[in-house]
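Q: structure, please.
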Amino acid sequence: MGNIFTDIVNEINLKPSNSKTLLKLVVRIAIALIIVAFGWGQIKVLRLNKINEVEKTLQENIKVNLELKKEMQEGFRVVNNRIDKVYDDGNKAFNDWTIFSKDQLKMVIDYGETNKEMLKRMLDLNMVEKAKTVENKLEQAKTISPKDSLKIVVKPIK
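A: All right, here's what the predicted structure looks like:
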């Protein structure tokens, strides 16, 4: 850099020494400004590249979040359907139990005075039958197909 500067300044033949000194000062300032501008440009480019990377990462995160939102909505829908099914099944079982209890009470009223042994046997058989029915329904509820279960999948962000 020193050789270029001296070459430029030596080729100019100015007689007054003040103007030569002023010209040297202007050339030095110009070279310093060029170096500063180049450095500033490099820093700016590096920062802009980082900002672009942040924007790309942000866009990928938004895309992943939207996919996750869709999966969660589907999962919640499945869980809500299962809860509704449990509620409906429970309500139906309660109604069946109410009818069953009412029928047993009718049998107690009808046969209570006449044939107590037959009434006891009928009640025992009915209770055993009802217990088996409840067990079967519980086993059916336990063996729900895997497609109805909620799955949580964690995916790494690239």
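
Q: Lys137: how many residues sit nearby?
A: 14 (other C-beta atoms under 10 Å). Just so you know, the C-beta spots here come from the backbone N, C-alpha and C atoms, and that holds for glycine as well.

Q: please apply the same query to the one 4 residues further on.
A: Around Ala141 sit 12 other residues, with neighbours defined as other C-beta under 10 Å.

Q: contacts only, for it.
A: Listed by C-beta atoms under 8 Å, 6 or more residues apart in numbering, the contact partners of Ala141 are Val86, Asp89.

Q: got a pLDDT number for it?
A: At Ala141, the predicted lDDT confidence score is 70.

Q: element containing it?
A: helix 116-142 (DSSP states H and E).

Q: from the chain's centre, how far out does that helix sit?
A: Centroid separation for helix 116-142 versus its chain: 46 Å, with C-alpha atoms, centre = their mean, to the nearest Å.

Q: and if you look at stretch 87-95?
A: Relative to its parent chain, stretch 87-95 has a centroid offset of 34 Å by C-alpha atoms, centre = their mean.

Q: ok, stretch 86-103 next?
A: Relative to its chain's centre, stretch 86-103 lies at 39 Å (C-alpha atoms, centre = their mean).

Q: check the gap between the residue nearest the centre of the chain and Gly75 for me.
A: What sits nearest the mean C-alpha location of the chain, by C-alpha atoms, centre = their mean, is Leu68, with 4.0 Å. Using C-beta to C-beta, to the nearest Å, Leu68 is found at 10 Å from Gly75.

Q: just confirm Ala93 contacts Leu138, I think it does.
A: No - if you go by C-beta atoms under 8 Å, Ala93 and Leu138 don't touch, sitting 9.9 Å apart.

Q: which of these two has more neighbours?
A: Higher neighbour count among Ala93 and Leu138: Ala93, with 14 against 10, using other C-beta under 10 Å.

Q: burial count for Leu123?
A: Burial measure for Leu123: 14 neighbouring residues, criterion other C-beta under 10 Å.

Q: pull up the per-residue confidence for it.
A: Leu123 carries a pLDDT value of 74.

Q: what's the answer for Trp40, then?
A: If you check Trp40, the pLDDT there is 87.

Q: whichever strand or helix holds the residue nearest to the centre of the chain - contacts with which helices or strands?
A: According to DSSP H and E, Leu68 maps onto helix 17-111. In this structure, helix 17-111 makes packing contacts with helix 2-11, helix 116-142, judged by 3 or more C-beta pairs under 8 Å, 6 or more residues apart in numbering; DSSP states H and E.

Q: with that, I have no additional questions.
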